Structures are given as structure tokens and as C-alpha cells.
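In: structure here, sequence nowhere to be found:
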């Protein structure tokens with residue numbers, strides 16, 4: 001998938017406050033869907049829909065437990081967040097350059113003006 005398309009999908013997935021809540025919970029440790037639903041006070045069905053979006057965008061992955069294949073544990077994936085971080089760093093670099101240029105312009109001595 002192209003980087004811009006992946007970035008768009010990442011932003012779309014993170015636009016929802018519930019999905020950001022899931023991300024915050026998973027930052028602390030992997031969790032089962034039921035734990036996520038309980039922590040965010042929502043039904044299992046509603047949580048399933050949010051997890052589906054997060055899986056499709058690649059923000060989270062699911063693994064089964066060795067002793068019970070019915071139980072799924074969700075964890076964050078680093079790659080999409082690295083792409084997001086790279087984009088933010090590019091935007092930040094642009095503004096740093098712009099502000100540096102403005103500062104240099106504002107601080108340069110002006111001809112014909114006396115202090």
C-alpha cells in the first residue's frame with residue numbers, strides 16, 4: 001500500500017475516540033477483546049467493529065492463546081505508527097525551516113534605518 005494511502009487510513013482509524021481509547025489501552029499491554037470492551041464500557045459487538053477497523057489498517061494484530069484458540073489477544077503493531085511519526089517529523093521540519101527563515105529575515109539589519 002502506498003505510504004500516503006496508509007497514512008490516510010491510519011488517520012481515519014484514529015479519528016474515532018473509541019479507537020484511540022483502544023490504542024491507549026494497548027500501549028500498556030496486550031489485551032483480549034472482552035477486556036477492551038469492559039474498559040471502554042461497550043458491547044462486545046461494538047468493540048469487534050472497532051477492532052476490525054484497527055486490524056484492517058494494520059494498527060493492531062491479533063493472536064490466539066496456545067491453550068484456547070477461541071480467545072484472541074490484541075497488540076499494537078509498530079509499523080503504522082512509524083509511518084505516522086515520519087510524516088509528523090517531515091511537517092515539523094518544514095515549520096522549523098520556515099520559522100528559522102522568518103527569524104533570520106526579522107533579525108537582519110535594515111538599510112537606511114537608524115536606531
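Out: Good, I have the coordinates. If you're wondering where the values come from, they're calculated on a predicted model, not measured in any experiment.

In: distance of residue 78 relative to residue 94?
Out: Per C-beta to C-beta, to the nearest Å, residue 78 is found 25 Å from residue 94. In short, each C-beta sits where N, CA and C put it, glycine included.

In: then residue 82?
Out: As judged by C-beta to C-beta, residue 82 and residue 94 stand 19 Å apart.

In: the longest strand along the chain: which residues count as buried?
Out: If you go by DSSP state E, the chain has its longest strand at strand 68-76. Buried residues in strand 68-76, defined by neighbour count with 16 or more other C-beta atoms under 10 Å: 72-74, 76.

In: helices or strands up against that strand?
Out: Packing partners of strand 68-76 (3 or more C-beta pairs under 8 Å, 6 or more residues apart in numbering; DSSP states H and E): helix 17-28, strand 31-32, helix 33-39, strand 60-65.

In: now do it against helix 17-28, angle only.
Out: For strand 68-76 against helix 17-28, the angle by axes from the mean of the first three to the mean of the last three C-alpha atoms, to 10 degrees is 100 degrees.

In: and the longest helix seen in the chain, average pLDDT?
Out: Criterion DSSP state H: the longest helix present in the chain is helix 78-107. Mean pLDDT, helix 78-107: 79.

In: ok, now stretch 44-52?
Out: The pLDDT scores in stretch 44-52 average 96.

In: buried stuff in that stretch?
Out: Of the residues in stretch 44-52, those buried (16+ other C-beta under 10 Å) are 47, 50-51.

In: ok, residues contacting that stretch?
Out: Here stretch 44-52 makes contact (C-beta atoms under 8 Å, 6 or more residues apart in numbering) with 16, 18-19, 22, 33-34, 36-37, 40, 60, 62, 74.

In: try it again with 7 Å
Out: 18-19, 22, 33-34, 36-37, 60, 74 (C-beta atoms under 7 Å, 6 or more residues apart in numbering).
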